[in-house]
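Undergrad: missing the sequence, but the structure's below:
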């Protein structure tokens, strides 16, 4: 026995709505998990670059200090060699830090999920009118 769409009992309509909302929430959770996984991978790569830049900065500072020691302790050209190495390490550190920070700026928190949830809320409001 088939009934017209308008003849369905309210309990069935509410059950369908509840089931649909559950499906939407589950889908949103899967999407959020996927987006977070992707963003964490990006953050990991950026972290490695920043860590490399930080380590190179430490070495650069060490060579600058070594150059200062050589410059004060001796008037031989050893300090110049240490200063050149320190400058090179500093340039490498600046490049790595810049690249890592640039990658950090591209990491976003689940933008697709937020947009999808906003769309679902609007849809639910239209359905309840």
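TA: Sure, I can see it. Computed from a predicted structure; not experimentally measured.

Undergrad: need the three-state assignment for residue 108.
TA: What DSSP: H, G, I helix; E, B strand; the rest coil gives for residue 108 is coil.

Undergrad: what's around it, how many residues?
TA: 12 (other Cβ atoms under 10 Å). C-beta coordinates here come from the backbone N, C-alpha and C atoms, glycine included.

Undergrad: same check, this time on residue 59
TA: Residue 59: 15 neighbours (other Cβ under 10 Å).

Undergrad: and residue 121, how far from residue 31?
TA: Look at residue 121 and residue 31: by Cβ to Cβ, to the nearest Å, they are 15 Å apart.

Undergrad: quick one, helices of the protein?
TA: 10-73, 78-105, 111-128 (DSSP state H).

Undergrad: export those helices as JSON lines, with columns for mean pLDDT.
TA: Shown next, in JSON lines, are the helices of the chain (pLDDT from 0 to 100):
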{"stretch": "helix 10-73", "mean pLDDT": "87"}
{"stretch": "helix 78-105", "mean pLDDT": "85"}
{"stretch": "helix 111-128", "mean pLDDT": "76"}
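
Undergrad: out of these, which one sits most buried?
TA: helix 78-105 (a mean of 16; mean count of other Cβ atoms under 10 Å).

Undergrad: what angle separates it from helix 10-73?
TA: 170 degrees (axes from the mean of the first three to the mean of the last three Cα atoms, to 10 degrees).
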